[in-house]
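Colleague: coords below, sequence missing:
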């Protein structure tokens, strides 16, 4: 319907041009001009599927364009010739032309062949334009789908990376507590069950609210508190309103785990961890600080937690974030994250 609609509009346009052109002698009646133009352009509409088949068979691709050009040139000339013969036959049969088919065909070849031939190439050009655009859009959609799948895979990989040593440590702690503090072992087992239910029984989005992320972190810290007892002290300082901001899922938990494992655990007297969140203008500032041993002697403690967090921040926010870490002035280690403050649609 679209092709024949376009052919009708083109036929009407050229019919109007023929009727109003003073150089056409003898002048054409409207019915003649309309019959001639609609006949030929409807024939081109019927030929469009053939042009599409040729376009798909002979593409203008690297290494093949000369063959494709020759094929299209030959077919365009053949199709134009056949259409002139068929068109003049129809016009003669309808008495729009004089009753001299051979003469009409000869005249039409002389007058119309060079003007009708480009119609094939116009149809070819329009099809290739739509075809290349559709392929471009399809590539964009596929790229977006692959990026989303990659993001999900990265998140799941991170999720799996964070669990093993934490689970091993927790299970070892439960095993040792069972022989001397049954109640503590039971409490740790209950907290572990809650933690696993919170993290494993749901699909993780790329982003969650800071409030939900803190709930996850605090669930984790409850287990560590049982393990470390008074050796671990926790401070959570979240500015009112900032808890609604979206943060990358599992953004804080690996930083807290990193602080405990590499800052607090090596010290016999333990230490403290402070989690802070502030909103500055259009940004959300998050920090995780500990008063532990600071950086390792061979450099920054950039293990799984920091490396994964850095990579995910870059993936989600590009240049729109800041990620830094350093020793604290009074001893210990601090990680700072600055991301855009958003409360709307989750990033995928």
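Modeller: Structure received. Since we're looking at a predicted model, the values are computed, not measured.
Colleague: in the strand ranked longest in the chain, what counts as buried?
Modeller: Secondary structure assigned by DSSP state E gives strand 271-280 as the longest strand of the chain. Applying a neighbour-count criterion of 16 or more other C-beta atoms under 10 Å, one finds 271, 272, 273, 274, 275, 276, 277, 279 buried in strand 271-280. Every C-beta, even on glycine, is put in place using the N, C-alpha and C of the backbone.
Colleague: mind listing the strands for the stretch 151-300 of the chain?
Modeller: 207-209, 232-238, 246-248, 271-280, 283-290 (DSSP state E, counting those that start in this stretch).
Colleague: got the buried residues for the first one?
Modeller: When you say that, I think you mean strand 207-209. 207, 208.
Colleague: that one: how far from the chain's middle?
Modeller: Taking C-alpha atoms, centre = their mean, to the nearest Å, the mean C-alpha location of strand 207-209 is offset from the chain mean by 19 Å.
Colleague: could you count how many residues lie near residue 318?
Modeller: Neighbours of residue 318 under the rule other C-beta atoms under 10 Å: 8.
Colleague: surely it forms part of a helix?
Modeller: Yes: applying DSSP: H, G, I helix; E, B strand; the rest coil, one finds residue 318 inside a helix.
Colleague: next, work out how far apart it and residue 127 are.
Modeller: Remark: distance between residue 318 and residue 127 (C-beta to C-beta, to the nearest Å) = 38 Å.
Colleague: and stretch 93-104, which residues are buried?
Modeller: Residues of stretch 93-104 classed as buried by neighbour count (16+ other C-beta under 10 Å): 96, 97, 104.
Colleague: what about that stretch, distance to the chain center?
Modeller: 60 Å.
Colleague: before we move on, back to that, want to throw the buried residues of stretch 93-104 into TSV with distance to residue 289 and pLDDT?
Modeller: Formatted as TSV, the buried residues of stretch 93-104 follow (distance: C-beta to C-beta, whole Å; pLDDT from 0 to 100):
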residue	distance to residue 289	pLDDT
96	90	84
97	93	84
104	93	87
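Colleague: for residue 230, which non-adjacent residue is spatially closest?
Modeller: Leaving aside its chain neighbours, residue 230 sits nearest to residue 270 (7.3 Å; criterion: C-beta to C-beta, 6 or more residues apart in numbering).
Colleague: quick one on the thing from earlier: show me what the longest strand of the chain is packed up against.
Modeller: Secondary-structure packing of strand 271-280 (3 or more C-beta pairs under 8 Å, 6 or more residues apart in numbering; DSSP states H and E): helix 210-228, strand 232-238, helix 253-259, strand 283-290.
Colleague: and residue 312, how many residues sit next to it?
Modeller: Residue 312 has 21 nearby residues by other C-beta under 10 Å.
Colleague: you'd agree residue 26 is in a helix?
Modeller: No: Residue 26 is assigned coil when assessed by three-state DSSP, not a helix.
Colleague: can you report how many residues lie near it?
Modeller: Neighbour tally, residue 26, other C-beta under 10 Å: 5.
Colleague: so who does the residue nearest to residue 230 touch?
Modeller: 228, 230, 231, 232, 233, 264 (C-beta atoms under 8 Å, 6 or more residues apart in numbering).
Colleague: from those, which two are the most distant?
Modeller: 230 and 264 (12.0 Å; C-beta to C-beta).
Colleague: of those two, which one has the most company?
Modeller: In terms of neighbours (other C-beta under 10 Å), residue 264 is the more surrounded of residue 230 and residue 264; the figures are 23 against 8.
Colleague: and the pLDDT for that one?
Modeller: If you check residue 264, the pLDDT there is 89.
Colleague: ok, now residue 273?
Modeller: For residue 273, the model assigns a pLDDT of 94.
Colleague: from memory it sits against residue 234, does it?
Modeller: Yes: assessed by C-beta atoms under 8 Å, residue 273 is found in contact with residue 234 at 5.7 Å.
Colleague: need the overlap of contacts for those two.
Modeller: With C-beta under 8 Å, 6+ apart as the test, residue 273 and residue 234 both reach residue 221.
Colleague: for the lengthiest helix in the chain, packing partners?
Modeller: In the chain, assigned by DSSP state H, the helix with the most residues is helix 101-177. On a contact count with 3+ C-beta pairs under 8 Å, 6+ apart, helix 101-177 meets helix 30-57, helix 65-93, helix 182-200, helix 210-228, helix 253-259, helix 304-317.
Colleague: those: which one's closest to residue 117?
Modeller: helix 65-93 (4.7 Å).
Colleague: averaged pLDDT, the closest one. What do you get?
Modeller: Per-residue scores along helix 65-93 average to 91.
Colleague: what about it, distance to the chain center?
Modeller: The answer for helix 65-93 is 44 Å, by C-alpha atoms, centre = their mean.
Colleague: next, the angle helix 30-57 makes with that helix.
Modeller: Between helix 65-93 and helix 30-57, the angle comes out at 150 degrees (axes from the mean of the first three to the mean of the last three C-alpha atoms, to 10 degrees).
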